[in-house]
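Asks: Mind looking at a prediction? Sequence and model below.
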Protein chains: 2
Amino acid sequence: MQQLPNHPRGENALAQLVARVPLFAQLSESELSEVARRVTHRSHPRNIQLYGAGEHNASLMIIHSGLVKIYRITAAGHEQVIRILGPGDFLGESTFVDRTAADHFAVTLEPADICALHHDDLQSYLLSFPGVAMKMFETLTRRLAETEHQLSSVAGDDADHRVAAYLLQVAPAAGTGMFRLPISKKDIASLLGLTPETFSRKLAYFEGSGWILLHPGRDLEIRDRTALSHL
Amino acid sequence: MQQLPNHPRGENALAQLVARVPLFAQLSESELSEVARRVTHRSHPRNIQLYGAGEHNASLMIIHSGLVKIYRITAAGHEQVIRILGPGDFLGESTFVDRTAADHFAVTLEPADICALHHDDLQSYLLSFPGVAMKMFETLTRRLAETEHQLSSVAGDDADHRVAAYLLQVAPAAGTGMFRLPISKKDIASLLGLTPETFSRKLAYFEGSGWILLHPGRDLEIRDRTALSHL
DNA sequence: CGGGTCCTTGACGGCTCTCAAGCAGTGTGG
DNA sequence: CCACACTGCTTGAGAGCCGTCAAGGACCCG
C-alpha cells in the first residue's frame, strides 16, 4: 500500500505523456492540456498494490510503462489471475461505473509509470469528448471478447490446448526464435486456470515431444508451430 | 437463418418502443424519433440464428422481449454457452468495433422481439449523443465484470460451488419459494463449464442433502440458502 | 403412435489437483 | 565472501473429481 510522492513535471511534459495514451490520442492540443491539468502521474516500484478488493478506488489509471496484474481471491482462498495490463491500457473503470467497492486486486508486476484521473473528472470528459467515450467503448469491447475467449478455453479445452494456445499467442510471429515469457510461469498457470505443477509438466511434455525448447529462466523457443496449433 | 418480414409500424409506435430501451432512455423526443427512423424491428420465433461465427454481421441488435443465447464452438467441437441476453440487452457490438467476422453464434431461445440498427448509423449516434456512448460503456463494463467473475469461478471453484452460486444468483431474493430456471439445464451446465450429467448429479446431491427441492420441468425450490452459500 | 430432445442414472477411466520433496536463482545480512 | 532464507520452479506419487460412454425414462409435437 506504499505510495511514492508525485513526480513534479512541467505541464507541457505531462501533456506530451497524455498525448501518447491511445485513449486521448485524438484530442486537440487545447483539450489535451485541459486533461493534463487534472491528471496526476506517479512512478511505482514492483509489487505495489494499486487497489484491492473492498476498496472504493476513485480514479481511472492509465499505464504508461510496466505491467499490472489483475486478480481475484476465489472462494477456495487462492489467487486467480484475470488479466495482465500493459502500456496504453487503463484500469479502475469498474468502480467508476457502479460506485461499489472493487472485487479484485491490481498490483504492479514491474516498475510502472501510471497516471490517474479522478472519476469525477472522467465523467465530464466522457460527456464533452465523445471520442474518448468511443475509445473506451472499443477497448472494453475487445477486452470483453478476449475474456470470453479465455472463458470458453478454460471451460472447454484441456490443459494441452490451453498451454499451446497461450504459447502461440505470446510468441513473436516470426518463425522459431527464442523469446521471453512476459510474466512468471506461476502467473501464466493461474491465467490459464491451471496449477503451476500442471503447467510445468505440460511444458516438459512439449519439450520432450520436440515442439519447444526450454531455456533457463523465462526464455523458450518454439520449434514446431503446426504441431502446437492443431494438437 | 430464416428471417421474418418487418412488422410495419407507425413511426410513433416505433419511437415508443425505442424509448423503452435503456440504451436510449435519456434521449429527447426529437432525438428518439431520429433514432426510430433508422431502426428496423422484427419478431423472431424460437431457435432462430441471428448471426453466426464467420458472418460479417453489420447491425447492433437490441432485445425488446425474449432471450438470446451467445455461444461458441470450442476446438473440441462442442457448444460452449457464453452468456444469455434478455430484454434491454444489446448484441452485435463486437463486429462493430473490429470489422472482422464474428467468432460466436447468437440464437433466440424464445420468441423474441428485436430491433436492429446498422453499424453506420450507430457510429454517428455515438458521436452525436454522448449519453448513448456512455450507456454502452457502462453496460460493457458490467458485462465484463460479470464475465470475469464467471471466468474465475470456472477456473477456480469446483462443480458444487458453481452450481450453488448459480442457483442463488437466479433464485428470487425472497425466502424459500418455487421458481423456474430461465433456460434449459443443458444450457446452464454449459454456462457453468460442466456437462449436463455432472450438473444433474449435483442437483440430485443438493436435493439429497435437503438443500433444494426438484420439481418436474425447470421448477425448483431452495430450502437452505445458508447451506448453499457457504458450502 | 413415433420421433425427437431433454434429462437422469450408472459404471468406468483419465486428467488434473494435492501433497511433498528437492533444486536453482536471488537478495540479504553477518 | 559466504551462509541463509525465500521465492519460483520442477518432479514424483497418489487420490479424487469430473468427463465419457451407455442406457433408459419423461415429455412434447408431429
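Replies: Looks like it arrived, so ask away. Worth saying up front: this structure is predicted, and the values here are computed from it rather than measured.
Asks: Check the offset of stretch A:69-78 from the chain's centre.
Replies: Here stretch A:69-78 shows a centroid-to-chain-centroid distance of 16 Å under the convention C-alpha atoms, centre = their mean, to the nearest Å.
Asks: Give the burial count for residue A:177, as a bare number.
Replies: One way to gauge burial is a neighbour count; for residue A:177, by other C-beta atoms under 10 Å in any protein chain shown, it gives 10. Where C-beta positions appear, they are placed from N, C-alpha and C, glycine not excepted.
Asks: before we move on, what about residue A:89?
Replies: One way to gauge burial is a neighbour count; for residue A:89, by other C-beta under 10 Å, it gives 19.
Asks: Wait, it touches residue A:61, no?
Replies: No. Assessed by C-beta atoms under 8 Å, residue A:89 is found out of contact with residue A:61, at 9.3 Å.
Asks: shaky segments in chain A?
Replies: When residues are selected by pLDDT under 70, those of chain A lie in A:1-11.
Asks: ok, which stretches of it are strands?
Replies: Listed in chain order, the strands of chain A (DSSP state E) span A:39-44, A:49-51, A:59-65, A:68-73, A:79-85, A:90-91, A:105-108, A:112-118, A:178-180, A:212-214, A:219-222.
Asks: Which residues of chain A lie near DNA strand C?
Replies: Proximity of chain A to DNA strand C is assessed by C-beta under 7 Å from any atom of the strand, with A:76, A:158, A:159, A:160, A:193, A:194, A:195, A:197, A:198, A:216, A:217 identified as the residues in range.
Asks: so what's residue A:179 up against?
Replies: By C-beta atoms under 8 Å, 6 or more residues apart in numbering or on different chains, the contact set of residue A:179 is A:170, A:171, A:172, A:219, A:220, A:221.
Asks: Among the strands of chain A, which comes closest to residue A:18?
Replies: Closest approach to residue A:18 among these (C-beta to C-beta): strand A:39-44, 6.2 Å.
Asks: How about residues contacting stretch A:83-92?
Replies: In this structure, residues lying in contact with stretch A:83-92 by C-beta under 8 Å, 6+ apart are A:21-23, A:50-51, A:57, A:59-70, A:106, A:109, A:116, A:136, A:139, A:143, A:147, A:182-183, A:187, A:191, B:148.
Asks: ugh, wrong one, I meant stretch A:121-141
Replies: Contact with stretch A:121-141 is made by A:22-27, A:31, A:35, A:38, A:60, A:89-90, A:93, A:96, A:117, B:93-94, B:96-97, B:126-128, B:130-131, B:133-134, B:136-137, B:140-141, B:144, as judged by C-beta under 8 Å, 6+ apart.
Asks: Could you tell me which residues of chain A lie near DNA strand D?
Replies: Within chain A, the positions adjacent to DNA strand D are A:184, A:185, A:186, A:196, A:197, A:199, A:200, A:201, A:203, A:204, A:214, A:218 by C-beta under 7 Å from any atom of the strand.
Asks: Could you measure from the residue nearest to the spatial centre of chain A over to DNA strand D?
Replies: For chain A, the residue nearest the mean C-alpha position is residue A:85 (1.2 Å; C-alpha atoms, centre = their mean). Taken as C-beta to the nearest atom of the strand, to the nearest Å, the spacing of residue A:85 relative to DNA strand D amounts to 18 Å.
Asks: Residue A:80: what's it in contact with?
Replies: Contact partners of residue A:80, counting by C-beta under 8 Å, 6+ apart, are A:71, A:72, A:73, A:74, A:190, B:152, B:155, B:156.
Asks: Next one: it from residue A:193, what distance?
Replies: For residue A:80, the distance to residue A:193 equals 8 Å [C-beta to C-beta, to the nearest Å].
Asks: shared neighbours of those two, anything?
Replies: Counting by C-beta under 8 Å, 6+ apart, the shared contacts of residue A:80 and residue A:193 are B:155, B:156.
Asks: Nearest residue to residue A:31 in space, please, no chain neighbours.
Replies: Closest residue to residue A:31 in three dimensions, ignoring its sequence neighbours and counting by C-beta to C-beta, 6 or more residues apart in numbering or on different chains: residue A:129, at 6.4 Å.
Asks: got it, and residue A:116?
Replies: Residue A:116 sits nearest to residue A:59 (C-beta to C-beta, 6+ apart), 4.1 Å away.
Asks: how many other residues sit next to that neighbour?
Replies: By the criterion of other C-beta under 10 Å, residue A:59 has 22 neighbours.
Asks: follow-up on the earlier one: near the residue nearest to residue A:31, how many residues? Count them for me, please.
Replies: 20.
Asks: got it, and residue A:215?
Replies: Residue neighbour count, defined by other C-beta under 10 Å, stands at 12 for residue A:215.
Asks: Could you do residue A:45 as well?
Replies: Residue A:45 has 12 neighbours, counted by other C-beta under 10 Å.
Asks: Can you give me the neighbour number for the residue nearest to residue A:115 when sequence neighbours are not counted?
Replies: Nearest non-adjacent residue to residue A:115, counting by C-beta to C-beta, 6+ apart: residue A:41, 4.3 Å away. Other residues lying near residue A:41 total 19 when counted by other C-beta under 10 Å.
Asks: rewinding a little: tell me who's in contact with the closest residue to the residue nearest to the centre of chain A other than its chain neighbours.
Replies: On the basis of C-beta to C-beta, 6+ apart, the spatially nearest residue to residue A:85 that is not a chain neighbour turns out to be residue A:68, at 4.5 Å. Neighbouring residues of residue A:68 by C-beta under 8 Å, 6+ apart: A:50, A:84, A:85, A:86, A:89, A:91, A:106, A:107, A:108, A:109, A:112, A:114.
Asks: and if you look at residue A:111?
Replies: The neighbourhood of residue A:111, defined by C-beta under 8 Å, 6+ apart, consists of A:43, A:44, A:45, A:46, A:65, A:66.
Asks: Return the members of those residues classed as buried.
Replies: Taking 16 or more other C-beta atoms under 10 Å in any protein chain shown as the criterion, what is buried in the contacts of residue A:111 is A:44, A:66.
Asks: okay if I get the contacts of residue A:111 as JSON lines plus distance to residue A:15?
Replies: Written out in JSON lines, the entries for the contacts of residue A:111 read as follows (distance: C-beta to C-beta, whole Å):
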{"residue": "A:43", "distance to residue A:15": "18"}
{"residue": "A:44", "distance to residue A:15": "21"}
{"residue": "A:45", "distance to residue A:15": "26"}
{"residue": "A:46", "distance to residue A:15": "28"}
{"residue": "A:65", "distance to residue A:15": "17"}
{"residue": "A:66", "distance to residue A:15": "21"}
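Asks: What are the buried residues along stretch A:203-216?
Replies: By 16+ other C-beta under 10 Å, the buried positions in stretch A:203-216 come out as A:203, A:206, A:211, A:212.
Asks: okay, now the domains of chain A?
Replies: What the record gives for chain A is the domain set A:11-130, A:157-229, from automatic domain parsing.
Asks: Spell out the residue ranges of the helices in chain A.
Replies: For chain A, helices defined by DSSP state H occupy the ranges A:11-19, A:29-37, A:93-97, A:119-128, A:130-156, A:159-170, A:185-191, A:196-208, A:225-229.
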